[in-house]
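Student: structure for the following, please:
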Amino acid sequence: MKPEVEIYDTTLRDGTQGEGINLSVADKLRIADRIDAFGIHYIEGGWPGSNPRDLEFFRQAAKRKWRHARIAAFSMTRRKGVAVEKDDLMRQILEAETPVVTIVDRTTTSERGTTRELSVTRPLGQSTIEVRGTMPIDDRGFNASVAVARPALVFVTMLRAALERLGVSITGQTRTVDAQTRADNKEPLQVSSLVEVATRQSPPLALIAARTLKPSQNLYAW
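Tutor: Residues are numbered from 1 along each chain as shown. As a prediction, this is how the structure comes out:
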């Protein structure tokens, strides 16, 4: 018997993380219809806890009859210090009522008193963060930092999602344009046409340098 290959499509989640891409609920349902028509086995519809649009997509998708695909909801394991039955992410996954749930967790739990061995990386050119390794069951927590490819776009995307969760309606695309791109395209920034909605000031350069630079190891070289 020949082995069967099942295809898991992530267009509606990973495919929407590019700059300038902003799909409505109707858009996602139309794309899902086309993917289903191709005969794809699984369609990852998004993350129910990320924004109201994904929640509404799952509500409408649950009412439809799909010819080939099974709709999947994406999420992570429960938050630290919160019981599963009280975790909002877990509750939203159940409310999505999908036949398939994808839980991301590449770490394993080790015995009490063992050494934590975790690594946090962002693959080059990707917008995902991978956490791998082992963590003892009595571990008190783990913090790590990772660089993002487009920090400005990450900020405005998170700001938009936060405003939508508060009931603020936002239209148009989410995008950023850096100064170099504008200079290359000969499109100077029209400051007078901008409306400031939020400000995030970086620390002074002297403070950043003090934390990142290290003393020379060649103080006594001849």
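Student: what are the ranges of the strands in the protein?
Tutor: 8-9, 42-46, 70-76, 100-104, 106-110, 117-121, 130-136 (DSSP state E).
Student: now do the domain split for the protein, please.
Tutor: The record's domain parsing of the chain by automatic domain parsing lists 8-104, 107-142, 150-190.
Student: for the first one, measure first residue to last.
Tutor: Read that as domain 8-104. 14 Å (C-alpha to C-alpha, to the nearest Å).
Student: check the last one too.
Tutor: Distance between the boundary residues of domain 150-190 (C-alpha to C-alpha) amounts to 22 Å.
Student: can you check the second one too?
Tutor: As for domain 107-142, its first-to-last residue distance stands at 12 Å under the measure C-alpha to C-alpha.
Student: buried sites along that domain?
Tutor: 107, 110, 131, 135, 139 (16 or more other C-beta atoms under 10 Å). (Glycine included, C-beta is placed from N, CA and C.)
Student: which elements pack onto the worst-scoring helix or strand of the chain on mean pLDDT?
Tutor: Least confident helix or strand, the chain: helix 179-184 with a mean of 75, by mean pLDDT, DSSP states H and E. Judged by 3 or more C-beta pairs under 8 Å, 6 or more residues apart in numbering; DSSP states H and E, helix 179-184 is in contact with no other helix or strand.
Student: can I get that helix in PDB, CA atoms only?
Tutor: What follows is helix 179-184, C-alpha atoms only, in PDB (Å, rounded to 0.1, in the frame of the first residue of the first chain):
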ATOM      1  CA  ALA A 179      13.300  56.200   5.300                       C
ATOM      2  CA  GLN A 180      15.800  54.400   3.000                       C
ATOM      3  CA  THR A 181      13.000  52.900   0.900                       C
ATOM      4  CA  ARG A 182      11.400  56.400   0.500                       C
ATOM      5  CA  ALA A 183      14.700  57.900  -0.500                       C
ATOM      6  CA  ASP A 184      15.300  55.200  -3.100                       C
END
